[in-house]
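Asker: Fold the following for me, if possible:
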Amino acid sequence: MLLGGIPLVFLLWVTGGALGDRVRELNTGEDVTVTAVSGCVEEGPPMSGRFPYCETGWRFDDGRTGQGRIDGERVAEGDRIFAGDGFAYRSKTSRVLSLVVVALVGLVLFGMLIGLGVLYRRLRGK
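Answerer: Model prediction:
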């Protein structure tokens with residue numbers, strides 16, 4: 001029974017890492033201007049796991065430049081996106097929503113781990 005909690009602890013650890021990545025990106029990212037779009041790939045057939053993306057370059061307000069891949073909708077030169085060093089997203093809102101979803105998953109996993117612990121204690125006490 002106690003061994004059943006090990007996968008939950010692992011998933012909680014992975015969720016914590018994903019949560020940390022999203023918080024870091026929200027803290028370090030900023031709105032930037034797309035300067036180049038070198039190609040977009042449309043979505044693949046259903047269930048292929050292939051999502052649309054564009055390879056782009058962008059310019060920060062302080063003059064620095066960056067480049068990378070933006071998943072999701074097409075972008076065009078002059079569009080404003082949310083980006084940082086090594087990452088880019090169509091908007092800051094999508095990152096915030098992703099953060100909320102990961103936090104909720106983490107809470108559910110943590111609740112399951114607590115429930116397993118309580119169940120273990122109750123069964124052990126009998």
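Asker: When you work out contacts or count neighbours from here on, use the C-alpha atoms and nothing else.
Answerer: Will do.
Asker: Which positions within the helix ranked longest in the chain qualify as buried?
Answerer: Determined from DSSP state H, the single longest helix within the chain is helix 92-125. Buried residues in helix 92-125, defined by neighbour count with 16 or more other CA atoms under 10 Å: 92, 95, 99, 102-103, 105-106, 109-110, 113, 116.
Asker: Pick the one among these closest to residue 22.
Answerer: residue 99 (6.0 Å; CA to CA).
Asker: In this structure the closest one contacts residue 23, no?
Answerer: Yes - using CA atoms under 8 Å, residue 99 is in contact with residue 23, at 7.3 Å.
Asker: Let me see the ranges of the strands in this structure.
Answerer: Ranges of strands in the chain, per DSSP state E, are 30-41, 53-59, 65-71, 80-84, 87-89.
Asker: what's the closest of those to residue 9?
Answerer: It's strand 87-89; of the strands of the chain, that one is closest to residue 9 (CA to CA) at 28.2 Å.
Asker: Quick one: list the elements packing against the longest helix of the chain.
Answerer: The contact analysis (3 or more CA pairs under 8 Å, 6 or more residues apart in numbering; DSSP states H and E) places helix 92-125 against helix 5-28.
Asker: buried set for the helix it packs on?
Answerer: 5, 8, 11-12, 15-16, 18-19, 22, 25-26.
Asker: Extract the C-alpha set from that helix and format it as PDB.
Answerer: Provided in PDB are the C-alpha atoms of helix 5-28 (Å, rounded to 0.1, in the frame of the first residue of the first chain):
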ATOM      1  CA  GLY A   5       2.500   6.500  -3.000                       C
ATOM      2  CA  ILE A   6       5.900   6.300  -4.800                       C
ATOM      3  CA  PRO A   7       4.500   7.100  -8.300                       C
ATOM      4  CA  LEU A   8       2.400   9.900  -6.800                       C
ATOM      5  CA  VAL A   9       5.600  11.400  -5.200                       C
ATOM      6  CA  PHE A  10       7.300  11.200  -8.600                       C
ATOM      7  CA  LEU A  11       4.400  12.900 -10.400                       C
ATOM      8  CA  LEU A  12       4.300  15.600  -7.700                       C
ATOM      9  CA  TRP A  13       8.000  16.200  -8.200                       C
ATOM     10  CA  VAL A  14       7.600  16.400 -12.000                       C
ATOM     11  CA  THR A  15       4.600  18.700 -11.500                       C
ATOM     12  CA  GLY A  16       6.700  20.900  -9.200                       C
ATOM     13  CA  GLY A  17       9.400  21.200 -11.900                       C
ATOM     14  CA  ALA A  18       6.800  22.200 -14.500                       C
ATOM     15  CA  LEU A  19       5.300  24.700 -12.200                       C
ATOM     16  CA  GLY A  20       8.800  26.200 -11.500                       C
ATOM     17  CA  ASP A  21       9.500  26.500 -15.200                       C
ATOM     18  CA  ARG A  22       6.200  28.400 -15.800                       C
ATOM     19  CA  VAL A  23       6.800  30.700 -12.900                       C
ATOM     20  CA  ARG A  24      10.400  31.400 -14.200                       C
ATOM     21  CA  GLU A  25       9.100  32.200 -17.700                       C
ATOM     22  CA  LEU A  26       6.400  34.500 -16.400                       C
ATOM     23  CA  ASN A  27       9.000  36.300 -14.200                       C
ATOM     24  CA  THR A  28      11.600  36.700 -17.000                       C
END
